[in-house]
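Novice: A predicted structure for the sequence below; I have some questions about it.
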Amino acid sequence: MIAANAFGGGSVVLMPLDNVSGEQSATAGLPPLIVKAMEAKGWTVTGGDIEALLENERVRYLDSLDANVRHDILEKTGADAILTVTVYTYAVGRNPTVGLSAHLIDADGKIAWSDVAAVASSDTERAFGLGRKETIEEVAAEAVRKLMESLTRRRAGWRTRSTSPHYVSDDLDKSRPICVLPFDNNSNVPDAPRVLADVLALRLEAAGFSVVDPAVLRAAALKARISLRSVSSPDLATLAKSVGTPLFLRGTVYAYDDPTTHNSAIPPALDVEATLVDVSTAKVLWAAQQNRKGTDYIGFLMLGAVSNSVSLTDRVATEMIATARTNHANKNASGDRAAVASLGRKGRQQQLHTGQSQR
């Protein structure tokens, strides 16, 4: 997603990295590359002792900031905008891989630009094995370059495939914001729900939907003493009053195979389902399921395979959201919660396929 005020010419404060990868070398290797890339886009990167400021403000989460913290940061640094960066993968091994996302936030708390990118060493190899970037430093530089490409132009979207089983209600529109809840995790990768939720939110916004800032959702849950890890329908009804929308996206990650976890050559894989519910009417507005491997995208001359889990998550999220067409002609679809939620996973997929074929 990109806006006119994201084209540069102002000053920006770079927040400390939200390092989901756990690899400490990322916090030293990536910031200089990000600063250099932002300056090349016309931004002046400022900030001073931002770590001390965050400590004074008792900021616990770096992926999103509440209004008071945002105001204080901009006022004390003199910046026009805030850049937050989340690192999902920073893996050194046989196939060095870097995956990250970024959000450029203006003084009003609006996202002026955001994107996600991931690069593995194997992605950089050209014909006959030429040009491959072998080191984590080279791969990190390429990942940052790829991430920042869309800061001055809209990145061309993935060529989506319409095979994702899905259901869309006639009541789905883009007039109300969506809260993205933590997904249930049946995979062996603890951070899988975080990566998926971040990328889904980013791609929902790129598709024209409005997404509630995680800081707003967390504050509402804390005030109501509600755990977002085990939230019930009555809990969601309570939260809806605080966050200003009854729409909540939740789901389950069934499988998330990340080659960097085992330092192996296995292809990445993702099996996920998501459901958008209107808690004010107890209706399902949209549901989709997708099961992909990186090798599913191999095309002519065995090219095109997705080599890392972050890129695969981006592809899958884009494909799923592409099914969330609004103002469609499916007049026979039902958003009745009992008609969808009471089904088992296989039965649910059959209904989603039916909803697709009716359109």
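Specialist: The structure has been received and is ready for your questions. Fair warning: this is a prediction, and the values are worked out from it, not measured in the lab.
Novice: all helices in the stretch 1-150 of the chain, in order from the N-terminus.
Specialist: Per DSSP state H, counting those that start in this stretch, the stretch 1-150 of the chain has helices spanning 25-40, 50-56, 67-77, 136-148. These are given in chain order.
Novice: Summarise which helices and strands the longest one is packed against.
Specialist: On a contact count with 3 or more Cβ pairs under 8 Å, 6 or more residues apart in numbering; DSSP states H and E, helix 25-40 meets strand 11-14, strand 44-46, strand 81-91, strand 97-106, helix 136-148. Where you see a C-beta, it was placed from the backbone N, CA and C, and this is true even at glycine.
Novice: Return that helix as CSV; C-alpha atoms alone will do.
Specialist: Included here for helix 25-40 are C-alpha records, laid out as CSV according to Å, rounded to 0.1, in the frame of the first residue of the first chain:
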residue,chain,number,x,y,z
SER,A,25,22.9,-10.2,14.4
ALA,A,26,19.9,-8.9,12.6
THR,A,27,19.7,-5.9,14.9
ALA,A,28,23.2,-4.9,13.9
GLY,A,29,23.1,-5.8,10.2
LEU,A,30,19.8,-4.5,9.1
PRO,A,31,19.4,-0.9,10.4
PRO,A,32,22.3,0.6,8.4
LEU,A,33,20.9,-0.9,5.3
ILE,A,34,17.4,0.4,6.0
VAL,A,35,18.7,3.9,6.8
LYS,A,36,20.7,3.9,3.5
ALA,A,37,17.7,2.8,1.6
MET,A,38,15.4,5.4,3.1
GLU,A,39,17.9,8.2,2.5
ALA,A,40,18.2,7.0,-1.2
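Novice: got the contact list for it?
Specialist: With Cβ atoms under 8 Å, 6 or more residues apart in numbering as the test, helix 25-40 has contacts from 12, 14, 16-17, 19, 45, 83, 85, 87, 90, 92, 98, 100, 102, 136-137, 140-141, 144-145, 147-148.
Novice: if we can go back for a sec, so can I have a markdown table of the helices of the stretch 1-150 of the chain showing mean pLDDT?
Specialist: Compiled in a markdown table, these are given as follows (pLDDT from 0 to 100):
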| stretch | mean pLDDT |
| --- | --- |
| helix 25-40 | 94 |
| helix 50-56 | 75 |
| helix 67-77 | 84 |
| helix 136-148 | 95 |
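Novice: Could you identify which of those helices is most buried?
Specialist: When you average the neighbours per residue for each of those (mean count of other Cβ atoms under 10 Å), helix 136-148 leads with a mean of 21.
Novice: Beyond that helix, next helix or strand please.
Specialist: strand 166-168 (DSSP states H and E).
Novice: any idea of the mean pLDDT for that next one?
Specialist: Strand 166-168 shows a mean pLDDT of 87 in the predicted model.
Novice: Sheet partners, orientation included, of it?
Specialist: Based on DSSP bridges, the strands next to strand 166-168 in the sheet, each with its direction, are strand 283-293 (antiparallel).
Novice: Tabulate the CA atom coordinates of the strand it pairs with in CSV.
Specialist: Taking only C-alpha atoms (Å, rounded to 0.1, in the frame of the first residue of the first chain), the coordinates of strand 283-293 have been written out as CSV:
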residue,chain,number,x,y,z
LYS,A,283,-22.6,-14.0,10.6
VAL,A,284,-19.6,-15.2,8.7
LEU,A,285,-18.8,-12.6,6.1
TRP,A,286,-15.9,-14.3,4.4
ALA,A,287,-13.9,-17.5,4.9
ALA,A,288,-11.0,-19.0,2.9
GLN,A,289,-8.6,-21.9,3.2
GLN,A,290,-5.3,-22.4,1.4
ASN,A,291,-2.7,-25.2,1.4
ARG,A,292,0.5,-24.4,-0.5
LYS,A,293,4.0,-25.5,-1.0
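Novice: Which strands or helices does the helix or strand following it pack on?
Specialist: Beyond strand 283-293 on the C-terminal side, the first helix or strand identified by DSSP H and E is helix 309-321. Where contact means 3+ Cβ pairs under 8 Å, 6+ apart, helix 309-321 is packed against strand 81-91, strand 97-106, strand 111-120, helix 192-206, strand 269-278, strand 283-293.
Novice: Give me the neighbour count for Ala215.
Specialist: Ala215 has 18 neighbouring residues, counting by other Cβ atoms under 10 Å.
Novice: That one sits in which helix or strand?
Specialist: When elements are defined using DSSP H and E, Ala215 is found to belong to helix 214-224.
Novice: what's the angle between that helix and helix 67-77?
Specialist: The directions of helix 214-224 and helix 67-77 differ by 130 degrees, with axes from the mean of the first three to the mean of the last three Cα atoms, to 10 degrees as the criterion.
Novice: So for the helix or strand following helix 214-224, what gets flagged as buried?
Specialist: Following the chain from helix 214-224 toward its C-terminal end, the next helix or strand by DSSP H and E is helix 233-243. Residues Asp235, Leu236, Thr238, Leu239, Ala240, Val243 are the ones in helix 233-243 that count as buried (16 or more other Cβ atoms under 10 Å).
Novice: Can you name the residues in contact with the very next helix or strand once past helix 233-243?
Specialist: Along the chain past helix 233-243, the next helix or strand (assigned with DSSP H and E) turns out to be strand 247-257. Applying Cβ under 8 Å, 6+ apart, the contact partners of strand 247-257 are 176-181, 183-189, 192-193, 195-196, 200, 204, 236, 239-240, 266-279, 285, 291, 293, 309.
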